[in-house]
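> Structure for this input, please:
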Amino acid sequence: MSRERLGPIAKENYDAAQKAAHADFMALRKVDFSGPWHVFIRAPELLTAAQRMGEYLRYRCSLSGRLSELAILLVARFWTQDYEWGAHRKHALAAGLAPATIEAIREGRRPEGLAEDEAALHDFVAELLQTKRVSDATYARAAQLFGESGVVDLCGIVGYYQLLALTMNVARTPAPEGEAPLPRFPE
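Prediction:
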């Protein structure tokens with residue numbers, strides 16, 4: 001792969017809007033400013049809006065961390081986004097997603113032995129990504145398990161993490177330190 005585009009900008013080179021967006025990010029998130037945020041700092045208003053949406057979807061939406069991380073991994077695998085995968089693989093394990101489930105997704109397979117809520121979420125996200133919509137049966141199953149707000153939150157997670165994945169793919173953001181890139185599939 002070619003070298004990274006849109007890599008980190010030294011903080012001392014931030015303009016006033018970038019400094020304000022970075023300070024807002026750090027005050028809210030208190031996490032490492034890496035991955036997509038190095039890219040988004042070039043559009044400070046977008047960075048602020050995106051990180052606020054992400055903060056809701058990651059920490060306050062109606063889906064459990066285990067289910068949210070499953071959806072994020074499915075998006076990362078779909079877009080073959082190494083940074084997103086590497087960062088969220090660890091979060092998925094910590095949230096209780098089975099290592100075998102994570103490995104199956106990494107390999108591009110439907111995991112075996114999923115819990116009912118995981119299976120419903122997997123099938124909803126896979127169908128949405130592949131067909132750009134979901135069938136009545138897939139929707140009804142998800143709505144029964146997650147409620148309407150859960151379905152909307154799930155769509156938000158899929159959309160948000162696609163925004164991050166596409167942006168990082170354009171920027172060629174590498175996998176986090178110590179994480180292996182995803183296998184590439186024939187296109």
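
> Show me what the lengthiest helix in the chain is packed against.
In the chain, taking DSSP state H as the definition, the longest helix is helix 136-171. The contact analysis (3 or more C-beta pairs under 8 Å, 6 or more residues apart in numbering; DSSP states H and E) places helix 136-171 against helix 36-40, helix 44-59, helix 65-78, helix 82-94, helix 116-131. Yep, even glycine has a C-beta here, placed from its N, CA and C like the rest.

> what's next to the first one, contact-wise?
Residues outside helix 36-40 that contact it (C-beta atoms under 8 Å, 6 or more residues apart in numbering): 6-9, 25, 46-47, 50-51, 83-84, 164, 167-168, 171, 173.

> what mean pLDDT does that helix have?
Per-residue pLDDT values across helix 36-40 average out to 90.

> cool, and the second one?
Rounded to a whole number, the mean pLDDT of helix 44-59 is 93.

> CA atoms only for it, dumped as PDB, please.
In PDB, the C-alpha atoms belonging to helix 44-59 read as follows (Å, rounded to 0.1, in the frame of the first residue of the first chain):
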ATOM      1  CA  PRO A  44     -12.500  21.400  12.700                       C
ATOM      2  CA  GLU A  45     -16.200  21.900  12.600                       C
ATOM      3  CA  LEU A  46     -16.600  18.400  11.200                       C
ATOM      4  CA  LEU A  47     -14.300  17.000  13.800                       C
ATOM      5  CA  THR A  48     -16.400  18.500  16.600                       C
ATOM      6  CA  ALA A  49     -19.700  17.300  15.100                       C
ATOM      7  CA  ALA A  50     -18.400  13.900  14.400                       C
ATOM      8  CA  GLN A  51     -16.800  13.300  17.800                       C
ATOM      9  CA  ARG A  52     -20.000  14.400  19.600                       C
ATOM     10  CA  MET A  53     -22.000  11.900  17.500                       C
ATOM     11  CA  GLY A  54     -19.400   9.200  18.200                       C
ATOM     12  CA  GLU A  55     -19.500   9.900  21.900                       C
ATOM     13  CA  TYR A  56     -23.200   9.300  21.900                       C
ATOM     14  CA  LEU A  57     -23.100   6.200  19.800                       C
ATOM     15  CA  ARG A  58     -20.200   4.600  21.700                       C
ATOM     16  CA  TYR A  59     -21.200   5.500  25.200                       C
END
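
> Run the chain-centre distance for stretch 84-103.
In terms of C-alpha atoms, centre = their mean, to the nearest Å, the gap separating the centre of stretch 84-103 from the centre of its chain is 12 Å.

> buried set for that stretch?
Of all the residues in stretch 84-103, those buried under the rule 16 or more other C-beta atoms under 10 Å are 84-89, 91-92, 97-98, 101-102.
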